[in-house]
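Chemist: Quick one, fold the following:
(one chain, ligands or ions: 1)
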Amino acid sequence: MAEYLRLPHSLALIRIRNPPVNAISPAVLYGIKEGLQKAVSDHTVKAIVISGADGKFCAGVDIHVFSTPWSSDTGLGDLVDEMQRNKKPVVAAIEGMALGGGLELALGSHYRIAHVQTETGFPEVTLGILPGARGTQLLPRLIGIPAALDLITSGRCILAGEAFKLGILDKVVNSDPLEKGIKFARTILDQPLECRRIMNKTVPNVPNMDAIFSEVFAKVRKQYPGYIAPETCIRAVQASVKHPYEVGIKEEKELAVYLVESGQARALQYAFFAERNANKWSTPSGVSWKTASVRPISLVGVLGKHVGEFLDSPHLHMVRAAIYLVPSGVKFCGKHIAVLAPLILIQVHELFILCVRTGDGNFFFFFFVVLGPELRTYTLSHSTSSQLIEMENILVPRGWGEVVSTFLTISNNGTMNIHVQVLCRHTVFSSLRDSIYVIYIRNFRVSDLAGLDVGWKGRKGQGLTGPALPPGTPARKRGNIRYCPIPDILCESGRFGQKTGKGWYQYDKPLGRIHKPDPWLSKFLSQYRETYHIEPRVISQDEILERCLYALINEAFRILGEGIAASPEHIDVIYLHGYGWPRYRGGPMFYASTVGLSTILEKLQKYYRQNPDIPQLEPSNYLKKLAAHGNPPLKEWQRLAGTPSSKL
Ligand code: 3H9
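Modeler: Next comes the predicted model:
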């Protein structure tokens, strides 16, 4: 796990070896410690070089350990201090990456030499934790508070050049850093080390230190609403200013334990592995990224209501670039074109649909969304072939379209009444702004953007409304099922959404983008209640969340049970990337596992008893099967409930 090698010229080498990314497991930590002790006790060794095998220094602590008892004290911090205090110089020869605990190991070394392509950083915040092995105490001492706060709270990784400029690295090289590190180590054998121990430095003073912290607190609250890790990271960095090193590291540890044990850390780490799991997707017939092939494109068409205007817009160059990619022997599974997901974001500016026909006659529909200066591509649905398409870094099968459309239907259908009420109760909406519920509210904006008449036309086609509706059909029933006619009534009043300047919201002008709540809708709803003798009642936030979310979760279980989605992780990744589900809640399936399957089942049973005409509230068989096992861990679901015959 960490090899110890005696080198010529009074040197020793400790090489971390833990494929694929040399993450620090208990065995790796033990190996490094042992190597260090050997080097210290060998009086012929005058300097130590530490590196990683296979061109990767270290990607940090093995994330798996945060769900084990080792998580509360990995011992890495003590090792980092031991390295700093070591009487023999330690040189870190860095290649590939030095992330998280990997960077902490490097900071524990007295010198850092890295290859120019190396990435460094503290991505812990993205996993809901903090650099708790001295990172929050050492980095500010080395590069100052503003730069350290930026790196630690954003989790962004930087290339060696930038790290050198910031003062994290001592040298950046173009050739083998190990060779250079060894060469360098020979030149510093007898150099004094006191000034190389970061722990002995004081944090560089800057005027307005308090103002800097206040500003960063305000910034992260705005940028990452609901997340606890960014603020906690700031508190840990603050400790480096307030206290001497020995006290600061204690505070860092307390804050680290608080985060490691939080539900948010579990959710964010789950999301990390779920995304990688989704990448490995393959169908039972053996189709996977490895077997997917390029298809010739025979036709490209652009559909959309405002394509003309769109093509005149400043985004034209991006559109051309996107369209150009299609016919020119495009790699259909390439990242440039085939990104899937009906994005539901608030800041959508423009939208159009691109239709592509492949040589074998299949059609694919792509949804282009312009967000400020960015163009993103999503598919709304695609053909019935089992061709795979890539979504950002997730592979999704044909069934994905069904997953999406089912979820959209669910959120627009069975729980429509409750959504509309929430939409009108802006106080409730704002108090729920940071919660999962926000994804429902986004549906209203997206419906306005896409055009309410699109769904209206569809419902007319299905005979749910319009002239084909048999006379005498009750307004709020279709057969035995509750029907919400509000979207139809909106369309009958000419409210088609953004294009007409009115829909669920009112806009500054037809085709305008500035939306605000429309008092008309509140007035209309009170008339609607009067017409249909609906007794107004206060619906608690719990009921709103439970009815909406549990109906969605129920549907996700149905999809799993029917073999439409490959795994719970796939559903969660779709929600994280496609619907803006808060990452710190992991996704609907992960959320269900934290609430408890039997709780969800009981609540659904209760709401279904109260609303037997809303089929989305009827618990799915798959959920029932799993709930019968208590609350099994998500990883166990498919084994316990049996793998359904795949429809992928
Ligand atoms: C930490 O260090 C805490 C400390 O401050 C101390 C606290 C007390 N652990 O992404 P890829 C696996 S927290 C375990 O597909 P890439 C990954 O699951 C840690 N496994 O490749 C995958 O496995 P599989 C801070 C890890 O080339 C394989 O490696 N560090 C870890 O696109 C390949 O990964 C981070 O947050 C890990 N730390 O990207 C870094 N890292 O093949 C997280 C990766 O079975 N890692 N794996 O699916 C990354 O950002 C990217 O994985 C990396 C490589 C850039 C390294």
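
Chemist: hey, where'd the helices end up in the stretch 501-648 of the chain?
Modeler: Along the stretch 501-648 of the chain, counting by DSSP state H, counting those that start in this stretch, helices occupy 519-531, 541-561, 568-578, 588-595, 597-610, 621-627, 637-641.

Chemist: Counting neighbours, which bits of the fifth one end up buried?
Modeler: Spelled out, it's helix 597-610. For helix 597-610, the neighbour count (16 or more other C-beta atoms under 10 Å) marks 597, 600, 601, 603, 604, 607, 608 as buried. All C-beta atoms are positioned from the backbone trio N, CA, C, and that covers glycine.

Chemist: For the residue in the stretch 201-350 of the chain that the ligand sits nearest to, the count of nearby residues, please.
Modeler: Closest residue of the stretch 201-350 of the chain to the ligand, C-beta to the nearest ligand atom: residue 276 (3.9 Å). A count of nearby residues for residue 276, using other C-beta atoms under 10 Å, gives 13.

Chemist: what's the closest of the buried residues of helix 597-610 to residue 582?
Modeler: Residue 582 lies nearest to residue 600 out of these, by C-beta to C-beta, at 18.4 Å.

Chemist: Look at residue 69 and report its pLDDT.
Modeler: Per-residue pLDDT puts residue 69 at 77.

Chemist: An error on my part: the question was meant for residue 532.
Modeler: pLDDT recorded at residue 532 is 88.

Chemist: same deal with residue 278?
Modeler: So, for residue 278, pLDDT stands at 76.

Chemist: pretty sure it belongs to a helix, no?
Modeler: Yes - counting by DSSP: H, G, I helix; E, B strand; the rest coil, residue 278 is located in a helix.

Chemist: Excluding sequence neighbours, find me the nearest residue to residue 502.
Modeler: Nearest non-adjacent residue to residue 502, counting by C-beta to C-beta, 6 or more residues apart in numbering: residue 495, 4.4 Å away.

Chemist: Spell out which parts of this protein neighbour the ligand.
Modeler: Within reach of the ligand by C-beta under 6 Å from any ligand atom, the chain has these residues: 20-21, 23, 59-64, 74, 76, 97, 99-101, 104, 123-124, 127, 131-133, 135, 256, 276.

Chemist: now with 5 Å?
Modeler: Within the chain, the positions near the ligand by C-beta under 5 Å from any ligand atom are 20-21, 23, 59-63, 74, 99-101, 123-124, 131-133, 276.

Chemist: Distance check, the residue of the stretch 201-350 of the chain closest to the ligand against residue 265.
Modeler: Counting by C-beta to C-beta, to the nearest Å, the separation of residue 276 from residue 265 is 17 Å.

Chemist: now do residue 525
Modeler: In terms of C-beta to C-beta, residue 525 sits 41 Å off from residue 265.

Chemist: Residue 28 now?
Modeler: Distance from residue 28 to residue 265, by C-beta to C-beta: 21 Å.

Chemist: More neighbours: which of the two?
Modeler: More neighbours surround residue 265 than the other of residue 28 and residue 265, with 25 against 22 (other C-beta under 10 Å).

Chemist: who are the neighbours in contact with that one?
Modeler: Listed by C-beta atoms under 8 Å, 6 or more residues apart in numbering, the contact set of residue 265 reads 66, 127, 128, 129, 229, 259.

Chemist: one more time with 7 Å, if that's ok
Modeler: Neighbouring residues of residue 265 by C-beta atoms under 7 Å, 6 or more residues apart in numbering: 66, 127, 128, 129, 259.

Chemist: next one: residue 558
Modeler: Going by C-beta under 7 Å, 6+ apart, residue 558 touches 620, 622.

Chemist: thinking again about what came up before, just the buried residues of helix 597-610 now: which is nearest residue 171?
Modeler: Of all the buried residues of helix 597-610, the one with the least separation from residue 171 (C-beta to C-beta) is residue 597, at 54.6 Å.

Chemist: Give me the nearest residue to the closest one, chain neighbours excluded.
Modeler: Nearest to residue 597 is residue 627, by C-beta to C-beta, 6+ apart, at 4.2 Å.

Chemist: I'd like the distance between the closest residue to residue 263 other than its chain neighbours and the ligand.
Modeler: Spatially, and ignoring its direct neighbours in sequence, residue 263 is nearest to residue 594 (6.4 Å; C-beta to C-beta, 6+ apart). If you measure residue 594 against the ligand using C-beta to the nearest ligand atom, to the nearest Å, the figure is 21 Å.

Chemist: State the number of residues packed around residue 594.
Modeler: Neighbours of residue 594 under the rule other C-beta under 10 Å: 14.

Chemist: With residue 508 instead?
Modeler: Neighbourhood size, residue 508 [other C-beta under 10 Å]: 11.

Chemist: quick one: contacts for it?
Modeler: By C-beta under 7 Å, 6+ apart, the residues touching residue 508 are residue 514.
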